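Asker: With the input below, show me the fold.
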Amino acid sequence: MSLLEHFDHPGRKQDKEHFSHLIQIALADGKIESSELEMLHNLGNKLGLTTPEIDNLLESNKKSYYIPPYELSKRFAQLYDVVKIIFADGKIDDNEMRLATSLAIKSGFAEQDIPVLLDVLTNGIKNREDEDDLFDLYRKKRMK
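Answerer: Numbers count the residues shown, from 1 in each chain. So this is what the prediction gives:
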C-alpha cells in the first residue's frame, strides 16, 4: 500500500476493494480474457480509478477485506458489475457464480434473496437490460 492510499476517502477505498473483487471474479476461471480486461478497465474508469491505479490493482491481485456499502442500490450496483464481469468472456463458470454468491452474502443480501438477485442480474445482463430497471425489478421481486 502506498503512502497516498492512507489518505483515500472511505468511498474511494470501497471502490478499490470492489474493483479488487471484480479482478478475483475475472480470475476465477484461471485467466483474464481480453474481453474481461477491457471490461475491467471500463468499470475501473466508471469507479473513478486512473489507468495506473487500475494497472497496479491488476498486478497486485491481492485478496482484501470487503466492506460493503450501506445503501442497497450501491450493493446491487456492485453485484451488477460482478455479473457483467462473469459474462464478459461469453461463458459462465461455476467458480465465478460461487464467488458472486459469496460476495452477495458478504454484501448483506439475505440468503433467501440471493437466487432471485442472481437470476435478475444474469437474465437482465444477458438481455442487455438497464441496471436501474434491474434494480427496480429486484426490489419488486424481493417484496413478494
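Asker: measure the nearest residue to residue 68 once chain neighbours are set aside to residue 74 for me?
Answerer: Closest residue in space to residue 68, ignoring its immediate chain neighbours: residue 107 at 4.3 Å, by Cβ to Cβ, 6 or more residues apart in numbering. Where C-beta positions appear, they are placed from N, C-alpha and C, glycine not excepted. From residue 107 across to residue 74, the span is 9 Å (Cβ to Cβ, to the nearest Å).
Asker: and what of residue 21?
Answerer: Taken as Cβ to Cβ, the span from residue 21 to residue 74 is 14 Å.
Asker: Between those two, point out the one with more neighbours.
Answerer: residue 21 (24 against 15; other Cβ atoms under 10 Å).
Asker: which stretch of helix or strand covers the more buried one?
Answerer: helix 10-26 (DSSP states H and E).
Asker: Let's test this: what are the backbone torsions at the most centrally placed residue in the chain?
Answerer: For the chain, the residue whose C-alpha lies nearest the mean C-alpha position (Cα atoms, centre = their mean) is residue 82; its distance is 3.1 Å. Per-residue torsions, residue 82: phi -60, psi -50 (degrees, to the nearest 10).
Asker: Likewise for residue 107?
Answerer: Dihedral pair for residue 107: phi -80, psi -10, per degrees, to the nearest 10.
Asker: show me what contacts it?
Answerer: Taking Cβ atoms under 8 Å, 6 or more residues apart in numbering, we find residue 107 in contact with 66, 68, 75, 78-79.
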